[in-house]
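*Asks:* give me a 3D structure for the following:
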Amino acid sequence: MKPTVNKLSCVPRTAVLCCPSCYRMISYNREQAVVECEACRVTVANPGGSSR
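*Replies:* Numbers count the residues shown, from 1 in each chain. Down below sits the predicted model:
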């Protein structure tokens, strides 16, 4: 018997970024222009580098 396959209905809009100050991993929405690290409060502007 084959296992059930779950398909994504859309592409996930989240990404992961490494904080340049404390090197923790930050999960963020790709549509955000600015991301703030919860641990050290450093802000990273335009983390994805795309301007849509």
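
*Asks:* shaky segments in the chain?
*Replies:* Within the chain, the stretches with pLDDT under 70 are 8-11, 49-52.

*Asks:* so what sits opposite the most centrally placed residue in the chain in the bridge?
*Replies:* Centroid-nearest residue in the chain, with CA atoms, centre = their mean: residue 15, separated by 2.3 Å. Beta-bridge partners recorded for residue 15 (DSSP bridges): residue 28.

*Asks:* could I get the contacting residues of it?
*Replies:* By CB atoms under 8 Å, 6 or more residues apart in numbering, the contact set of residue 15 is 27, 28, 29, 30, 47, 48. Just so you know, the C-beta spots here come from the backbone N, C-alpha and C atoms, and that holds for glycine as well.

*Asks:* try 7 Å this time
*Replies:* 28, 30, 48 (CB atoms under 7 Å, 6 or more residues apart in numbering).

*Asks:* with the residues you listed in mind, which one is nearest to residue 1?
*Replies:* Nearest to residue 1 among these: residue 30, at 37.5 Å, using CB to CB.

*Asks:* and the strands in this protein?
*Replies:* 14-18, 25-29, 34-36, 43-45 (DSSP state E).

*Asks:* can you read off the backbone torsions of residue 38?
*Replies:* According to degrees, to the nearest 10, the main-chain angles of residue 38 amount to phi -70, psi -20.

*Asks:* relative to residue 44, how far out is it?
*Replies:* 12 Å (CB to CB, to the nearest Å).
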